[in-house]
Structure formats: C-alpha cells, structure tokens
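**Q** mind looking at a prediction? Sequence and model below.
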There are 2 protein chains.
Amino acid sequence: MSVWIKNAMLCGEKTDVLIEKDTFSFVGKLKEGQSFTADRVINAEGMALLPAFYNLHCHAAMCLLRGYGEDMPLMSWLEKIWSKEATLTGEDIYNGTRLAVLEMIKSGTVFFADMYWYHQDVLRAVEDMGIRCNIGVTFMDSLGEKTIKDNLAFLDDYASYSNPLITFAPAPHAIYTCSGKLYMRCFDNAEKNNLYFQTHLSETVDEVGNCKKLHGGQTPTQYLHSLQVLNHRTIAAHCVHLTEEDAEILAETEVTAVHNPCSNMKLSSGAFDVPLIKRCGVHTALGTDGCSSNNNLSMIEEMKTAALLAKHAYKKADTLTAKEVMDWATVNGAKAYGINAGRIQQGMQADCLLVDMQNERLVPSWDIVSDMVYSADSSCVDTVICAGKVLMEHRRVKDQEEIVAKARAFVKK
Amino acid sequence: MSVWIKNAMLCGEKTDVLIEKDTFSFVGKLKEGQSFTADRVINAEGMALLPAFYNLHCHAAMCLLRGYGEDMPLMSWLEKIWSKEATLTGEDIYNGTRLAVLEMIKSGTVFFADMYWYHQDVLRAVEDMGIRCNIGVTFMDSLGEKTIKDNLAFLDDYASYSNPLITFAPAPHAIYTCSGKLYMRCFDNAEKNNLYFQTHLSETVDEVGNCKKLHGGQTPTQYLHSLQVLNHRTIAAHCVHLTEEDAEILAETEVTAVHNPCSNMKLSSGAFDVPLIKRCGVHTALGTDGCSSNNNLSMIEEMKTAALLAKHAYKKADTLTAKEVMDWATVNGAKAYGINAGRIQQGMQADCLLVDMQNERLVPSWDIVSDMVYSADSSCVDTVICAGKVLMEHRRVKDQEEIVAKARAFVKK
C-alpha cells in the first residue's frame, strides 16, 4: 500500500509526500511533470501537514464514565467511580475503548498508552481501530496472587506480539497500591521481555507525604529509584510533586515524565513544575488521563492547557512555549516508546495529520504551531494517517455510528 | 418568520419548540396528532437543545493577530501587537470582526460585548452576520479631545439604534489609560443615553499597585466607586485582583464581573477569586478576551478553563461546578446586558443551540451540562439560532468561505 499526498503545506512550503507501507519514503517538492505511482492519491490543497499526537497516559475505556460524578471532593468521587467501574464487563471495555479511540482519531491522535483492565478486550478494540497502543497491564496487590501471576504470564506470551503497532507493558498502578516487591516483579518482567514499564508517580501531596512516612523520608521517586525500577523504558504519569533531587533522578535514569494538566487541575492535584523539569532536562511528554477526570481525550486541548497552566503557575509568559508543548505531544511521546515518528521526514514512520487551513480557527495563519496549540480544536483535523494507513478522511472514521451507538447503550444498561 | 423545532432533547425529554419572530412561543410536548404551522421546520432528532453563549468580553477584530507574537514577556508582546494594530484600517476591522463572529457562531455564541476601534466597521460586520452585539466604543485620554468628543456624539446618535440586536456602550479602556474625568464623561453619556458601560478592571497586580500609589491607597474598584461610575449597567472585565471590600462594592453596586480565564492564564495575570466572588454574591459572567491572548473565541473552552482554573487555584473540586460556569456563560451574560434570554423558556428570546448527541464527545451522556463544559468542542454544535434566526445549520454559516479568504488576505498585505 502506498499513499501520495499532493500539495500539502509543510513548514510554509507546498510539499509532496510519498508513503510506502508504514514509512515516509519521500518528503519534498516534485519537479514539474514528475509524479508518483501510488495506490491512493490525496489532494491536500488548502491543508497543512503536521505530526500526529501521542497520548502518553490514558485509561481509555473510562470514557464510559465521562460526566458520571462531577465536581465532587476526591474521596466521594472515587467511591462513586469505583463502584461503577466494578460493574464493567470485558465487552464494556471493548466498547469503551473503541469510543475512546474514535475520539482520539477525531482529534488527531495515533498512539496512546493505556492503563486499565481487561487487556484482551483492549487489544481487540485497538486492533479493530488500527491505532498504535501500548497496552499497560495494571497491577495492584489487591488483585491477589493468581491474577498477578496470570498477568505476568500474559506479558511473557505477548512480549513479541505480531502486530508492530501494539506493545505491552506491566503497569504497577502506584506506590500506594503496589508493594516494593510487586514493583520489582513487574520490572523484572519488563526487563526480561524488553517491555516498557508504566506507573503513576507523585500525583498528589498526600502520596508524597505518606511515602515519606512509610519509607524513611524518601519521596516516591527516591523510593522507586531505591527499588531500581527506573530506566529509559519507564513511563511515569503525573510527576506533579517533585523535588530538585527527584527531577535529577528522573533525568539521569532517562524516565519519561508524562504531564496531564487537565486531570491535575480538575482533581486539584497541583501544577507540574515545568521550570524544574526543563532545568534538569527530564524527558517529558503529554497525556490526557482518563475521561472521568478530564473529560475528553483531545491532545489539542491538553497542549493548550499545559501551556496556560505553566504560564499561570510560574508567572512567566515563556515558561512553556507552543513549540515546546507541541514537541511534548508529538516527537517526545513517540520517542518515549521507541517509535521512530513525530516528524514528517523521509525514513520516519508515516504518522501525520492534514489540517484544514480554511477552518476559521486557523485563520489568518501567522504561525501554524501556535494556531494548533492555542486556537485549534478537533474540527480543524481533516485526515489522520497512522503507520501509512488512513484512519480518518474528511472527518469520517470507519464504523463511527456503530461505535457511538454501542457506547450509548451502556448508560441504558 | 416562525420556526418549529421537533424532537429535540431538552432536560432529558423530547420537546417541541415554536419560535415566532424572536421569541419562544411554545416549549413543551405536542400531543399525538397536533402540529404547528411554521415557515421552517427543523427535525432535531438526535440533538439536544441548549442555551446559546454570551461572550461578555472581546476585542473581536484582534483575531487578525491570532498567533502573531506568542509566548513573549508582556511588554515586548504589547509593543509587537500595538505596532501591528496601528496599521489596521476600517476595512481590516470589518473583515476581522466578521472572522471573529464566524468563529463565535461556529462555537455556539450569539452575543458578544466588543471593545475595539472603528465602531462603524464593527457595526457593519455584526449586522451582516446577524449576531447580537454590544459595541463598546473605546476611550483613552491619548485619543485627544476631538476624537473623544466625536465618540461621545456618536453614542448620542446611536443610543436608540433601530436594530434591537445591537446596543452601544462607552468603554473607557482602563484606569491606567483614562483619567477620572474621562471616566465620568463616559459614565454621564451612558446615564443620559441609558447605555451599558464597559471597562477593564483590576487585571494585574501592577495595575492595583500603581492605583494605590496614585489614588491615596485606593484599589481600582474603590477608585472607580469614588468616581461613582459603578452601577448595574457597568460591565467590568477581568476583576482578577480584588479585596474583600472590592467584591462587596461590586456586589452592592450590581456591577457584572467578567472572568476571562484563558487570557489571564496566558498573560500570567493571576486567578479570578471564585470563592470570594461567590461569597460576596458578585454577578459574574464569562468572556474570551481577544484572540491575541487566548487565541480563540470559544466559550466552550472558556467554560472548561474557568472550572479547571478555579479547582486548581482554590484546591477544591467543587470550587466552580459545571452548572455554575454554564450559567455564567449563558443566562448571567444575557442578564448583564438586559437581554431576556439564556434559558429555553416560553416568552424568552429565541437564542439556542442544537448539539449533535451522536458526536463522540457527548457519549455516553450521563449529564449534558457536564459534557458541554468538560468534554465538548465546537464540532458538537450543529445549529445556532439567534433571536429566532438560524445563523448556522449543520455547521454551515452564510459566506464562510468568503470571510475566511478576506481575513487570510490580511497576512499577505
């Protein structure tokens, strides 16, 4: 399969792009009279070509709980959500994940790191939708030894899964739900199987305070470092409350810190310390978190919120620029999971968006990066290509009506 | 002209709505076999009927400067923006205002309070587009006596303008650009002509500090109160830095405080004190501010940002609920300008939206208010009705391609 994208604007220039299989094999300007032979030709006149988004932290199927239990204090909210979550079946997770992926594709996302339950049903959903995914298999001590063993065995079995768009990760939930021993078992599994390793880290002040009490004054980062479970394949969600030493540890061990600004604000968790992260050179990416604390999966909104929150919290207009946050949402996210993508360059994975420059939000167009971060919304995204496959064209995604109908039926149930 | 909206969901019930001229004349459920005779019938099957949005603070034509000069410290940014603004012509303002109104209609807004230059060109633009507007005629001492006199005379002439959707207001810019005398001349004009009165108030810490130095320790609110220019027709944008006494003054004088969270965050101005505002009972509405500090005009984004910022800044998940911020964006905004609108009720002005419940952002739909505030974006808005006239249907607005082309040409100029 090959795709020839004609006449797209890239960095201010009309550009031709040839995609062969999953890779950009040409990015440039054809000479007068030259052409490509391709299975599919997209005339991108009036469109800009941009990298697609990588959502580095998500609990996808929670979009079934979008708007269920709002504006409540944390503990009452958790009780309400957890009691509803306990009723979810594998089929619900399949339907919920498809709804989530539909929403992600519609807002330009081609990869997400998921951390949830029923990994077999998540796998079915993401394969149906054709998106990239790192499926985090969640661990907590409360699962019991049998489930923990089963999950570790599942990871052994799926470590070299045949679909190159899909990888797996052990995902010990957090230091307050997993013992040090469970963290180490998960990490050993990741090392043995060459997998990524997901966890929540330093999300709230309480988490940090309790950790210090339990672990001889160590912060969550210092504690996980002492367990030797931090390395370049560790993806740590939130990292809101870090000390200077914590940030240095994350930088040295090459952990990716994932910022989730909407969720952090909605749950009053605090402000990610952008100046500290930048000063220490921590590798950073962006995520939406789940829909019950956001309540959508738009990386476009997440970029804007990240930039605004940084400027607000650290009282400087250049704390986090549009260019920086766009990198977090694209190339940094891809890099964290070893995907050679995030830029429109020959030899890189063919993940990209066509955005409609006639959309009023992108006019008059002084700076497409700034417009995407601060002004755009999903209505600007016309076409989404993931690993050379067109997942959306002119805002149509395969089976979208059926996906919506199935997810809507969940409420009635 | 009459419009019959059939089968729309309103508060969870299938509802019929009849609009006659500019007013809802029936809101309820027709009996089996009953029907209306109407000039236009809209089948709203699968859509929810919601109030439209009222954008209480805007510099509309600044959307020509969207993305021009980003992520810069305040003073360098202002210099860059001001030098570009100085080149704008009346025709630019006409084109820029039409672009702004296109964007507002597409995201569900039917009214905006504008504060900018070339009021005659703003008037042309808003009349062409069919939207409601309060046209703020900007005053600063630096305009010189001739322009000030001309502007006051313009307000005398247009005080009872024939188009009921359009009103005017003297808009003394701020206490750091207008003398007390100029404020009083503007206020007298408003009183004499029964007009609303717009100003910026307490946007930054510096504004408050300088005011105290110049005016015997008075805050901007206390200073304007001492000039007797605060009453129920005064609309004060920003009100970020208020003391308890300030908030009490605003509540007693029945001023409307307009919160602009995106702009306040982007310019690192501070967080609107939601607990104080609520405790003192200040009438509050919502605005987007201009596109060079936002960078769009979506009230949907503004609602979410307002709720998230309040939860973040005041560390409580219920600091500002979805329901409260939706009221700020709808009924409170309408009330501030004496428009009998903001709810879908018989006898009220026929301003409303139809939102597409098949849009993935509004699924599975536990709570439509929460979904609109925290999850929706402009792609959810299908139809916009302003004073009984359909301004958008199925996301099409009259002349949208021409408006975009004209605004885009501005960059090339």
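**A** All right, it came through fine.
**Q** going along the chain, name the helices of the stretch 101-250 of chain A.
**A** A:119-129, A:145-157, A:180-193, A:205-214, A:220-226, A:244-253 (DSSP state H, counting those that start in this stretch).
**Q** quick one: mean pLDDT over the longest one.
**A** Averaged across helix A:180-193, pLDDT comes to 98.
**Q** report the buried residues of it.
**A** Across helix A:180-193, burial judged by 16 or more other Cβ atoms under 10 Å in any protein chain shown covers A:182, A:183, A:185, A:186, A:187, A:189, A:190, A:193. All C-beta spots, glycine's among them, are computed from the backbone N, C-alpha and C.
**Q** with the first one instead?
**A** Of all the residues in helix A:119-129, those buried under the rule 16+ other Cβ under 10 Å are A:119, A:121, A:122, A:123, A:124, A:125, A:126, A:129.
**Q** interface residues of the stretch 101-250 of chain A facing chain B?
**A** Within the stretch 101-250 of chain A, the positions near chain B by Cβ under 8 Å from any Cβ of the partner chain are A:102, A:103, A:106.
**Q** those residues into CSV, with extra columns for neighbour count and pLDDT?
**A** Listed next are those as CSV, based on neighbours: other Cβ atoms under 10 Å in any protein chain shown; pLDDT from 0 to 100:
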residue, neighbour count, pLDDT
A:102, 26, 98
A:103, 27, 98
A:106, 25, 98
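**Q** make CSV from those residues and add distance to residue B:260 to it.
**A** As requested, those are exported to CSV (distance: Cβ to Cβ, whole Å):
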residue, distance to residue B:260
A:102, 33
A:103, 28
A:106, 28
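**Q** residue B:74: which of the buried residues of helix A:180-193 is nearest?
**A** residue A:183 (45.5 Å; Cβ to Cβ).
**Q** correct me if wrong: that closest one contacts residue A:173.
**A** No - with contacts defined as Cβ atoms under 8 Å, residue A:183 does not count as touching residue A:173, sitting 10.1 Å away.
**Q** name the residues contacting each of these two.
**A** Shared contacts of residue A:183 and residue A:173, defined by Cβ atoms under 8 Å, 6 or more residues apart in numbering or on different chains, comprise residue A:199.
**Q** can you tell me the SS state at residue A:55?
**A** Per DSSP: H, G, I helix; E, B strand; the rest coil, the local secondary structure of residue A:55 is strand.
**Q** so what's it closest to, chain neighbours aside?
**A** residue A:112 (4.1 Å; Cβ to Cβ, 6 or more residues apart in numbering or on different chains).
**Q** with residue A:9 instead?
**A** According to Cβ to Cβ, 6+ apart, the nearest residue to residue A:9 is residue A:48 (4.5 Å).
**Q** next: residue A:368.
**A** residue A:48 (5.5 Å).
**Q** what is the rounded mean pLDDT of the host helix or strand of that neighbour?
**A** In this structure, residue A:48 sits in strand A:47-50 according to DSSP states H and E. For strand A:47-50, mean pLDDT rounds to 98.
**Q** which elements pack onto it?
**A** Applying 3 or more Cβ pairs under 8 Å, 6 or more residues apart in numbering or on different chains; DSSP states H and E, one finds that strand A:47-50 contacts strand A:2-10, strand A:352-356.
**Q** which of those is buried the deepest?
**A** The highest average neighbour count among the helices and strands packed on strand A:47-50, using mean count of other Cβ atoms under 10 Å in any protein chain shown, belongs to strand A:352-356 at a mean of 25.
**Q** which residues touch residue A:340?
**A** A:334, A:347, A:348, A:349.
**Q** residues touching the second one, list them.
**A** Yep, that's residue A:347 we're talking about. Residue A:347 touches A:23, A:24, A:25, A:340, counting by Cβ under 8 Å, 6+ apart.
**Q** separate out the buried members of those.
**A** Applying 16+ other Cβ under 10 Å to the contacts of residue A:347 flags A:23, A:24 as buried.
**Q** any chance of the contacts of residue A:347 in CSV, with pLDDT, secondary structure and distance to residue B:284 too?
**A** Converted to CSV, these look like this (pLDDT from 0 to 100; DSSP: H, G, I helix; E, B strand; the rest coil; distance: Cβ to Cβ, whole Å):
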residue, pLDDT, secondary structure, distance to residue B:284
A:23, 98, strand, 53
A:24, 98, strand, 50
A:25, 98, strand, 56
A:340, 98, coil, 50
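**Q** ok, the contacts of residue A:347 vs residue A:198, which is closest?
**A** residue A:340 (20.5 Å).
**Q** distance check, that closest one against chain B.
**A** Distance of residue A:340 to chain B, computed by Cβ to the nearest Cβ, to the nearest Å: 29 Å.
**Q** which helix or strand in chain A has the lowest average pLDDT?
**A** Least confident helix or strand of chain A, by mean pLDDT, DSSP states H and E, is helix A:74-85 with a mean of 84.
**Q** list the buried ones in it?
**A** A:77, A:80, A:81, A:84, A:85.
**Q** and these near chain B, which?
**A** Applying Cβ under 8 Å from any Cβ, the subset of those adjacent to chain B comprises residue A:77.
**Q** go through the buried residues of helix A:74-85 and name the one nearest chain B.
**A** residue A:77 (6.8 Å; Cβ to the nearest Cβ).
**Q** for residue A:60, what are its contacts?
**A** Residue A:60 neighbours (Cβ under 8 Å, 6+ apart): A:96, A:97, A:100, A:101, A:112, A:114, A:116, A:122, A:125, A:290, A:297.
**Q** mind pulling up the pLDDT for it?
**A** On the pLDDT scale, residue A:60 is placed at 98.
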